[in-house]
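Asks: here are the coordinates; sequence isn't available:
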């Protein structure tokens, strides 16, 4: 956006200054320069469409655009302004370029745009369901002499029930169909999940954000049926979330690490964010972190497993790592401070 704004300014100057030198009034010269920039709106829309198809060409195209702007500045603008007041013009020119370069270095999304929306994973982040989930999977695998490993669990996290079952069957070579897995796992879940408790710091953070009208969403790999089962002991608290995006049993499209589920959350907020970088995602799983980063959102990782089990790339690229939600400081992201601090 900064480059686009600069190009409009340069194009406007390139039109207005020559018109003034030919005796056209300042008002007309100004508006002719402004009107010349309107074509960039159309070109910008076409450019967005083109970028989706030509990401690999983008660095070269931006370099060409920057070179064209510099050419206009040095060929047209500098000779025009230095012919009248060389010293003052040079100082203003250097000052303007200094400010421009400083603004280019600063990331607007992170510096100017504070967090306005929060998106939460469910299992292992807000609710202590990971230990329950592990126990259920171990019970399911035990009759076949198989062990439910941490590696398999990490691969399954964030997936739909069907896709998670397919991973489990494939990795452990279980002699069962997808339908048998769904039936057996649902039977175990129905008995175990209603006892799920909130994890430390979850209720405090949720109620704090709600008190300050910070929009909150849930993006979970659980089906709506399982989600309802898991939150059955905390229904009033979870009414504070809108929207709640679940992943239905046989749905593949929205599963993490694809960004779809978090993009759907952002889109369905009553007042959607201006930029995806204004969304802060809270996650405990690798797949969820990858999904949030792919969506262009900031991520707080609160691991439900030892950090040694996580991909080093994940640990490097998350915005923040915390041992517990109790250690989250909302002020770091431009959110209101806790009232009890």
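Replies: The structure has been received and is ready for your questions. Quick caveat, the model's predicted, so the values are computed rather than measured.
Asks: tell me the helix or strand right after the worst-scoring helix or strand of the chain on mean pLDDT.
Replies: Taking mean pLDDT, DSSP states H and E as the measure, helix 108-111 is the helix or strand of the chain with the lowest mean score, a mean of 46. If you walk from helix 108-111 toward the C-terminus, the next helix or strand you reach (DSSP states H and E) is strand 117-120.
Asks: tell me where this protein has strands.
Replies: Listed in chain order, the strands found in the chain under DSSP state E are 117-120, 216-219, 244-245, 279-283, 298-301, 320-321.
Asks: same question for stretch 32-43, mean pLDDT?
Replies: Stretch 32-43 carries an average pLDDT of 72.
Asks: what of stretch 179-199?
Replies: Per-residue pLDDT values over stretch 179-199 give a mean of 93.
Asks: going forward, the N-terminal residue is numbered 810.
Replies: In the new numbering, first residue 810, that becomes stretch 988-1008.
Asks: now that stretch: how far from the chain's centre is it?
Replies: Taking the mean of its C-alpha atoms, stretch 988-1008 sits 30 Å from the chain's own mean (C-alpha atoms, centre = their mean, to the nearest Å).
Asks: for stretch 986-1002, same thing?
Replies: Shown here is stretch 986-1002, whose average C-alpha point lies 32 Å from the average C-alpha point of the whole chain (C-alpha atoms, centre = their mean).
Asks: can you point out the buried residues in it?
Replies: Buried residues in stretch 986-1002, counting neighbours by 16 or more other C-beta atoms under 10 Å, are found at 990, 991, 993, 994, 995, 997, 998, 1001, 1002. No exception for glycine: its C-beta is placed from N, CA and C like everyone else's.
Asks: and those residues, which of them are in helices?
Replies: Where the buried residues of stretch 986-1002 overlap with helices, as defined by DSSP state H, the overlap consists of 990, 991, 993, 994, 995, 997, 998, 1001.
Asks: contacts only, for the fifth one.
Replies: With contacts defined as C-beta atoms under 8 Å, 6 or more residues apart in numbering, residue 995 is in contact with residue 970.
Asks: distance check, it against residue 1144.
Replies: Taking C-beta to C-beta, to the nearest Å as the measure, residue 995 falls 38 Å from residue 1144.
Asks: please apply the same query to the second one.
Replies: The span separating residue 991 from residue 1144 equals 39 Å under the rule C-beta to C-beta.
Asks: got the phi/psi numbers for residue 1009?
Replies: Phi and psi for residue 1009, reported as degrees, to the nearest 10, are phi -60, psi 130.
Asks: count of residues packed around it?
Replies: Summarising burial for residue 1009: neighbours were counted as other C-beta atoms under 10 Å, giving 13.
Asks: kindly report the same for the one 5 residues further on.
Replies: Residues contacting residue 1014 under the criterion other C-beta under 10 Å number 20.
Asks: could you dump the strands of the chain to JSON lines with mean neighbour count, distance to residue 975 and mean pLDDT?
Replies: As requested, those are exported to JSON lines (neighbours: other C-beta atoms under 10 Å; distance: least, C-beta to C-beta, whole Å; pLDDT from 0 to 100):
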{"stretch": "strand 926-929", "mean neighbour count": "24", "distance to residue 975": "26", "mean pLDDT": "98"}
{"stretch": "strand 1025-1028", "mean neighbour count": "24", "distance to residue 975": "21", "mean pLDDT": "97"}
{"stretch": "strand 1053-1054", "mean neighbour count": "22", "distance to residue 975": "22", "mean pLDDT": "95"}
{"stretch": "strand 1088-1092", "mean neighbour count": "27", "distance to residue 975": "22", "mean pLDDT": "98"}
{"stretch": "strand 1107-1110", "mean neighbour count": "23", "distance to residue 975": "26", "mean pLDDT": "98"}
{"stretch": "strand 1129-1130", "mean neighbour count": "16", "distance to residue 975": "30", "mean pLDDT": "97"}
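Asks: dump those strands to CSV, plus distance to residue 878.
Replies: Listed next are the strands of the chain as CSV, based on distance: least, C-beta to C-beta, whole Å:
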stretch, distance to residue 878
strand 926-929, 35
strand 1025-1028, 40
strand 1053-1054, 42
strand 1088-1092, 32
strand 1107-1110, 31
strand 1129-1130, 37
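Asks: wait, residue 1113 touches residue 933, no?
Replies: Yes - under the criterion of C-beta atoms under 8 Å, residue 1113 makes contact with residue 933 at 3.5 Å.
Asks: for this protein, which residue is closest to the average position?
Replies: Among the residues of the chain, residue 1106 comes closest to the average C-alpha position under C-alpha atoms, centre = their mean, at 1.6 Å.
Asks: which residues does stretch 934-946 contact?
Replies: Contact partners of stretch 934-946, identified using C-beta under 8 Å, 6+ apart, comprise 929, 931-933, 957, 962, 977, 994, 997-998, 1001-1002, 1004-1008, 1011, 1015, 1027, 1039-1040, 1043, 1091-1093, 1111, 1113, 1134.
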